[in-house]
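Undergrad: What shape does this take:
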Amino acid sequence: MFESLTDRLTNVFRNLSGRAQLTEANIQDALREVRIALLEADVNFKIVKEFVDRVREAAIGVEVMKGVTPAQQVIKVVHEELVRLLGGEDTELKLGGKQPAVILMTGLQGSGKTTSSGKLALLLRKQKMRPYLVPADVYRPAAIDQLRTLARQLDVPCFESTVEMNPVDIAVRAVEKAQEQQCTVVIIDTAGRLHIDEPLMKELEGIKAAVQPQEILFVADAMTGQDAVTAASSFNEHLGITGVVLTKMDGDARGGAALSIKSITGAPVKFVGMGEKLSEMEVFHPDRVAGRILGMGDVLTLLEKAQEDIKAEEAAALAKKMEKAKFDLEDFRTQMRRMRKMGSLESIIKLIPGLSGMADKLGDLAGHEKELNRTEAILNSMTAKERKNPDIINGSRRARIARGSGTRVQDVNQLLRQFEQMKKMMQSVMHPPKHMPRIPQGMMNRLGGMGPGLGGLPGMDMPGMPGLPMGMPAMPSGKSATKKKRDKQKRKNKKR
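TA: This next block holds a predicted model:
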């Protein structure tokens, strides 16, 4: 999200970096470009004007600190104002008071309320809460069945609604049922319309009066831009929404809704949907999003993603294996799967400080994803015994593995050869010569959690990036090393 805005702002700050000092003239030039960038991102024009005025007021006359360039000083000011525009502080759900707490999911039809209800249930369960899903949309075909299916997937209790029931009665009886089952939070999925109408609002007002929800979340499709802000304003007038959930933020949404909604409605964005999977919902952190917009990456979100899939005991066990150079292909496959759970290569790279703006320069990332799929297919075609002891993989086994994975024997050979090279490298790092210092045990445990690093991603020649649970040896696309040597020898023979 915000990719075009990030690119435009990066160019603005790059132009400022060559200036020796901040003046009113060069600040005006920079802010003109910032204004255009925000308008192109579909941010409300009144908000853009107020934002630019605040940045100008904060930047003009400010004394540039020693060791800080004018561009860095302006970035600091813009970052602070972006955080303020996005809502300021982190806005958590306020679920105190009576139990079970009630969350009312509202929004127009097609915005993603039902899926967001399932995603929110999973997110709350990870926070040690006991969610209870309530399908209260009796108008849309299969809406009740859809939420029941999601509840079964999540293994979360769900109220047995029917289309003949009244939505207000459903909400009241569901809260009573949740209390009987000792659930701590009730999530009510309400009906939507293609447009805002009086019957819809009367129904929602009736549900609100009956169950008195602690949170009323408006679910908006980020792809609709300023229309989402307009709809949120109308719902806010009738219901007093407490927060916003923006869906489809992984698409080509320009981000204008996220940047405008807090200023227009007063209700902060609390969650964003980043994909179709139920696990792909993120808590909205204004400071982190502002950092992403300015190309600074988001290392905190990256670490949180890593911690979800890495257990401290597993990291310590893997660190011991690495220290003894007993890291095998089974461990390698485990690390690869952990990395794949965190998201695509592009989404991970955008969170890394210093690399967030380089995704386009790293080549065809879709091609690298295919390389990873091929590597995992080869590993899956091996038996557990072969992954534990790669030395037993002879010629006939390699041919069988290649057939089973739909690859060539050369691909299997290449993977095994590169894995051996990686093991030797690890052994030299863990057991350096006597005159070289050993790696401290604390760092060893950290290494166990992150694997050999990002330096071995397919076709990417980059140094290892600490803190990531990745474990892939380099898989160069194109010609193998042997083929390159043969071609080089042929060229030499021609010259002779």
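Undergrad: list the contacts for I207?
TA: Applying C-beta atoms under 8 Å, 6 or more residues apart in numbering to I207 gives the contacts 104, 136, 167-168, 171, 188, 190. In short, each C-beta sits where N, CA and C put it, glycine included.
Undergrad: Could you break the chain into its assigned domains?
TA: 3-86, 101-296, 303-481 (automatic domain parsing).
Undergrad: Kindly present those domains as TSV, with separate columns for mean pLDDT.
TA: What follows is the domains of the chain, written out as TSV (pLDDT from 0 to 100):
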stretch	mean pLDDT
domain 3-86	75
domain 101-296	87
domain 303-481	66
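Undergrad: which residues sit in contact with Q181?
TA: Counted by C-beta under 8 Å, 6+ apart, Q181 has contacts 132, 157.
Undergrad: and if you look at the one 5 residues further on?
TA: The neighbours of V186, taking C-beta under 8 Å, 6+ apart as the test, are 100-103, 131-132, 134, 174-175, 178, 211.
Undergrad: Please give the element, helix or strand, for it.
TA: strand 185-189 (DSSP states H and E).
Undergrad: hang on, the earlier thing: the domains of the chain: which one's closest to E92?
TA: Nearest to E92, of all the domains of the chain, is domain 101-296, at 7.8 Å by C-beta to C-beta.
Undergrad: Strands along the stretch 151-300 of the chain, start to end?
TA: 185-189, 215-221, 243-247, 269-273, 281-283 (DSSP state E, counting those that start in this stretch).
Undergrad: As a markdown table, the ones you listed with distance to Q421 would be great.
TA: Conversion of the strands of the stretch 151-300 of the chain to a markdown table gives the following (distance: least, C-beta to C-beta, whole Å):
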| stretch | distance to Q421 |
| --- | --- |
| strand 185-189 | 51 |
| strand 215-221 | 48 |
| strand 243-247 | 44 |
| strand 269-273 | 41 |
| strand 281-283 | 37 |
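Undergrad: Out of the ones you listed, which gets nearest to K49?
TA: So among the strands of the stretch 151-300 of the chain, strand 269-273 is nearest, using C-beta to C-beta, at 21.3 Å.
Undergrad: angle of that closest one against strand 243-247?
TA: 20 degrees (axes from the mean of the first three to the mean of the last three C-alpha atoms, to 10 degrees).
Undergrad: re the thing from before, tell me which entries of the contacts of I207 lie within helices.
TA: 167-168, 171 (DSSP state H).
Undergrad: Any idea which of the strands of the stretch 151-300 of the chain gets closest to A142?
TA: strand 185-189 (12.7 Å).
Undergrad: Tell me which strands that closest one pairs with, and in which orientation.
TA: Partner strands for strand 185-189, per DSSP bridges, with pairing direction: strand 101-106 (parallel), strand 131-135 (parallel).
Undergrad: hmm, who's touching the longest one?
TA: Applying C-beta under 8 Å, 6+ apart, the external contacts of strand 101-106 come out as 93, 95, 113, 116-117, 120, 175, 184-190, 192, 204, 207-208, 211-219, 235, 239, 241, 245.
Undergrad: Could the C-alpha coordinates of that strand be exported in PDB?
TA: Extracted in PDB, the C-alpha atoms of strand 101-106 (Å, rounded to 0.1, in the frame of the first residue of the first chain):
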ATOM      1  CA  ALA A 101     -17.700  -7.500  25.400                       C
ATOM      2  CA  VAL A 102     -19.500  -6.800  22.100                       C
ATOM      3  CA  ILE A 103     -18.100  -5.700  18.800                       C
ATOM      4  CA  LEU A 104     -20.600  -4.600  16.100                       C
ATOM      5  CA  MET A 105     -19.200  -4.900  12.500                       C
ATOM      6  CA  THR A 106     -20.900  -2.500  10.200                       C
END
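Undergrad: Moving C-terminal from that strand, which element do we reach first?
TA: Following strand 101-106 toward the C-terminus (DSSP H and E): helix 113-126.
Undergrad: buried subset of the contacts of strand 101-106?
TA: Using 16 or more other C-beta atoms under 10 Å as the burial test, the contacts of strand 101-106 include 93, 95, 113, 116-117, 120, 175, 184-190, 192, 204, 207-208, 211, 213-219, 235, 239, 241, 245 as buried.
Undergrad: sorry, back to before: compare the strands of the stretch 151-300 of the chain and give me the one nearest D29.
TA: Ranking the strands of the stretch 151-300 of the chain by proximity to D29 (C-beta to C-beta) places strand 269-273 first, at 31.1 Å.
Undergrad: on contacts alone, who are the packing partners of that closest one?
TA: Strand 269-273 is packed against helix 113-126, strand 243-247, helix 256-265, strand 281-283, with contacts defined by 3 or more C-beta pairs under 8 Å, 6 or more residues apart in numbering; DSSP states H and E.
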